[in-house]
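[1] Just the structure for this:
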Amino acid sequence: MTLVPAQIATPRLVLVPAALELAAAVVAGDLSGVAHAEGWPHQDTLDGLGLALDPNEPSPVWLVTLDGSVIGDCGTVGLVDAAGEIEIGYGLAPEHRGFGFGTELVVGLSGWLLAQPGARRVVARGVLADNTPSRRALERAGFVCEREADGLTWYGLGVRIDDSLDGIDWVQAKADLAADRFDNGRSADALRRSFEGSRHVAIARDGGRVVGMARALSDGVCNAYLLDVWTASAYRRRGIASRMVQRLLEQMPGQHLGLQTDNAQQLYESLGFRPQPEFWSRVSGTWLDNDANR
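    Below is the predicted model of the structure:
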């Protein structure tokens with residue numbers, strides 16, 4: 001997938017896509033076309049701009065500007081991979097470090113990347129363990145250190161979607177659903193059984209926390225039913241529900257997928273769903289009066 005970089009504005013900075021002509025000039029040592037801080041560019045800048053000039057798979061690079069002057073740079077190392085991850089790199093001129101600009105640019109860049117099709121997580125790989133300023137910038141931007149070895153650290157940001165029920169705290173999940181008025185009265189154990197009894201599930205996680213769920217019942221041949229699509233209120237409008245539904249759709253090729261919704265028509269229409277003439281339903285006996293809820 002090709003990324004077409006756009007200008008990104010943060011409270012104090014503007015991240016400007018680096019034009020190829022300018023990138024080539026800077027790499028060649030010609031700085032006449034850009035106003036810049038005294039400590040820019042540096043060796044990491046030249047490496048990053050070199051990735052932007054790769055004729056086979058160019059990586060997008062932004063110039064970090066403050067009041068029109070370039071004080072740093074940032075970009076990706078390659079494009080979105082098969083797992084939906086994309087790696088970032090960044091650097092600032094020495095005289096502009098220690099003012100929170102690193103955190104600010106990482107927040108802006110990461111937010112833009114996570115809004116791009118196919119991007120599920122933003123990662124920073126191989127960060128020196130003793131590079132405290134860089135690590136602090138990542139952590140303040142919401143990144144989590146996921147691994148440390150041989151003097152290096154690996155950071156990740158973003159909600160990931162998987163199809164595993166491992167590690168779910170069903171009591172907490174029940175509480176979170178109830179807080180959003182989405183639990184339908186089920187107990188924590190009944191909620192667990194609902195998902196364990198479903199043919200397909202999609203779970204959204206932010207680190208170890210479950211922040212979204214969806215499941216589908218299916219005959220595995222031609223018909224399926226989508227239900228319990230929930231995203232924690234603090235995580236809404238980030239495309240998480242769309243990603244969960246899309247993941248479920250990918251597991252049910254060739255099948256007709258139905259659903260019922262009271263107030264999410266716009267979401268489902270954006271995913272290709274269309275209204276049917278009628279939906280009929282009834283409860284067998286009394287709602288939730290069965291062994292699973294006792």
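[2] Quick one: neighbours of the closest residue to Phe182 other than its chain neighbours, just the number.
    Spatial nearest neighbour of Phe182, excluding adjacent residues (Cβ to Cβ, 6 or more residues apart in numbering): Trp230 at 5.0 Å. In this view, the C-beta of every residue, glycine as well, is placed from N, C-alpha and C. Trp230 is flanked by 23 other residues according to other Cβ atoms under 10 Å.
[3] Could you pull up the contacting residues of Ser198?
    Arg215, Ala216, Leu217 (Cβ atoms under 8 Å, 6 or more residues apart in numbering).
[4] How is it assigned, secondary-structure-wise?
    The three-state label for Ser198, taken from DSSP: H, G, I helix; E, B strand; the rest coil, comes out as coil.
[5] hmm, back to that, Throw the contacts of Ser198 into TSV and include distance to Pro275, thanks.
    Below are these laid out as TSV (distance: Cβ to Cβ, whole Å):
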residue	distance to Pro275
Arg215	22
Ala216	19
Leu217	20
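[6] among those, which are in strands?
    Judged by DSSP state E, the subset of those located in strands is Arg215, Ala216, Leu217.
[7] As JSON lines, the residues you listed with neighbour count and distance to Asp180 would be great.
    JSON lines is the format used below for the ones in strands among the contacts of Ser198 (neighbours: other Cβ atoms under 10 Å; distance: Cβ to Cβ, whole Å):
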{"residue": "Arg215", "neighbour count": "25", "distance to Asp180": "16"}
{"residue": "Ala216", "neighbour count": "25", "distance to Asp180": "20"}
{"residue": "Leu217", "neighbour count": "15", "distance to Asp180": "22"}
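[8] which one of the residues you listed is nearest Glu21?
    Lowest distance from Glu21 to those (Cβ to Cβ) belongs to Ala216, with 49.7 Å.
[9] Low-confidence stretches in the stretch 1-150 of the chain?
    Filtered on pLDDT under 70, the stretch 1-150 of the chain yields the residue ranges 1.
[10] one more time with 80, if that's ok
    Where the stretch 1-150 of the chain drops to pLDDT under 80, the residues are 1-2, 115, 120, 142.
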